[in-house]
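Enquirer: Show me how the following folds:
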Amino acid sequence: MKRALHLTALVVALLAAGDVRAQGVERLPSGARVRVWIPDSLRQEPYMPRRRSIIGTLARATPDTLWLHVAGPDTLRLPRVSMAVEVSRGASRTRSAVEHGLVMGIALGLIFYAAADDDDESRREAVQKGGIAVLLGAVIGAWRPYERWRGVR
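Expert: Predicted coordinates for the structure are as follows:
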């Protein structure tokens, strides 16, 4: 039981890490990959906030405007009134594998453990299934890493 608590604390720490914000968009180098969140009047998907995201390469930034290369040679000019900007930290196969593995292993392990009978054998099998889920999640995370983003003021 102590191991499960330690693993849960580790997962929470990994998921909470990385919300450190940079000093400002003006200091980002030209050519940085950024994601911009712009308010919208309608939801794009159920249960999602009313905003759109645009991913592009930063061409130039001033205190009131961002110029992004989205597609082609032209730039998209966006006013910085009420937008949120994030800069890409790249995709990490290791971090994706660790996060996917831990989340999938803990989630499925807890489900199997809760559904197990009260005898030790079925609980041991539930822990083994959780371990298999950790390995499977790690393989999926390493095979399909995702891009990590850091917020910028």
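Enquirer: Run a quick neighbour tally on residue 55.
Expert: Neighbour count of residue 55, defined by other C-beta atoms under 10 Å: 14. In this view, the C-beta of every residue, glycine as well, is placed from N, C-alpha and C.
Enquirer: Where does the residue lying closest to it once chain neighbours are set aside sit: helix, strand or coil?
Expert: Of all residues beyond its chain neighbours, the one nearest residue 55 is residue 35 (4.9 Å), with distances taken as C-beta to C-beta, 6 or more residues apart in numbering. Three-state secondary structure (criterion: DSSP: H, G, I helix; E, B strand; the rest coil) places residue 35 in strand.
Enquirer: who does residue 35 bridge with?
Expert: When bridges are assigned using DSSP bridges, the partners listed for residue 35 are residue 55, residue 86.
Enquirer: okay but it is in contact with residue 89, surely?
Expert: No. Because the distance of 11.1 Å does not satisfy C-beta atoms under 8 Å, residue 35 is recorded as not touching residue 89.
Enquirer: which of these two has more neighbours?
Expert: Shown here are residue 35 and residue 89; by other C-beta under 10 Å, residue 35 has more neighbours (18 against 13).
Enquirer: residues in contact with that one?
Expert: With contact taken as C-beta atoms under 8 Å, 6 or more residues apart in numbering, residue 35 is in contact with 53, 54, 55, 85, 86, 87, 88, 149.
Enquirer: Please repeat the previous calculation with a cut-off of 7 Å.
Expert: Applying C-beta atoms under 7 Å, 6 or more residues apart in numbering to residue 35 gives the contacts 53, 55, 86, 149.
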